[in-house]
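Asker: Next come a sequence and a model predicted from it.
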Amino acid sequence: MQEFLLILKGDGMNHLSPDELQNIMSDYKAWVDQLGDRYISGQRLDESGALIIDKKSGIITDGPFLESKEIIAGYFLIQAEDQEEANKMACSSPHLGLYSIEVRPISFPKMK
């Protein structure tokens, strides 16, 4: 089993009504139940924060980042057999359509 990070990009839920948000949360809970033990964690990210490029430059931009087309709204950490299975799991997410989802394998460095 390998871990994958599903990165939600966009401002997908900022325009939804409270009822629509409740429906998404219900769909999300059902999706998590469907994934079972393969779902590790997930969170929505706050719009505030900072973008730090390097030690020399320091803080380049502090949030919110709503002007960016690359808003990272949240993430899910899942387990899958391979990239193909992780992609299928992302395609079944109720957040797809509201957000684009980038699927990235977690790379573990070799221990010495």
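Answerer: Cool, the structure landed.
Asker: what residue lies at the spatial centre of this structure?
Answerer: residue 75 (2.2 Å; Cα atoms, centre = their mean).
Asker: Compute the distance between it and residue 19, please.
Answerer: Separation of residue 75 from residue 19 (Cβ to Cβ, to the nearest Å): 25 Å. Every C-beta, even on glycine, is put in place using the N, C-alpha and C of the backbone.
Asker: now residue 27
Answerer: Taken as Cβ to Cβ, the span from residue 27 to residue 19 is 13 Å.
Asker: Looking at these two now, which is surrounded by more residues?
Answerer: Using other Cβ atoms under 10 Å as the criterion, residue 27 and residue 19 rank with residue 27 on top: 13 against 8.
Asker: in terms of contact, does the more buried one touch residue 94 like I think?
Answerer: Yes: Residue 27 is within contact range of residue 94, at 3.6 Å (criterion: Cβ atoms under 8 Å).
Asker: which other residues reach stretch 30-39?
Answerer: Stretch 30-39 is contacted from outside by 42, 76, 78, 79, 80, 89, 92, 93, 94, using Cβ atoms under 8 Å, 6 or more residues apart in numbering.
Asker: Quick one, grab the pLDDT at the second one.
Answerer: The one in question is residue 76. As predicted, residue 76 sits at a pLDDT of 93.
Asker: go on, the fifth one?
Answerer: pLDDT, the model's per-residue confidence, is 96 for residue 80.
Asker: Surely it and residue 104 touch.
Answerer: No: at 11.8 Å, residue 80 and residue 104 do not qualify as touching, with contact defined as Cβ under 8 Å.
Asker: Enumerate the positions of whichever strand or helix holds residue 21 that are buried.
Answerer: In the assignment (DSSP states H and E), residue 21 maps to helix 18-35. Across helix 18-35, burial judged by 16 or more other Cβ atoms under 10 Å covers 24, 31, 32, 35.
Asker: next one: that helix to chain centre, how far?
Answerer: The chain centre lies 15 Å from the centre of helix 18-35; the measure is Cα atoms, centre = their mean, to the nearest Å.
Asker: average pLDDT across it?
Answerer: 90.
Asker: re earlier: from the contacts of stretch 30-39, pick the one nearest residue 6.
Answerer: residue 76 (4.2 Å; Cβ to Cβ).
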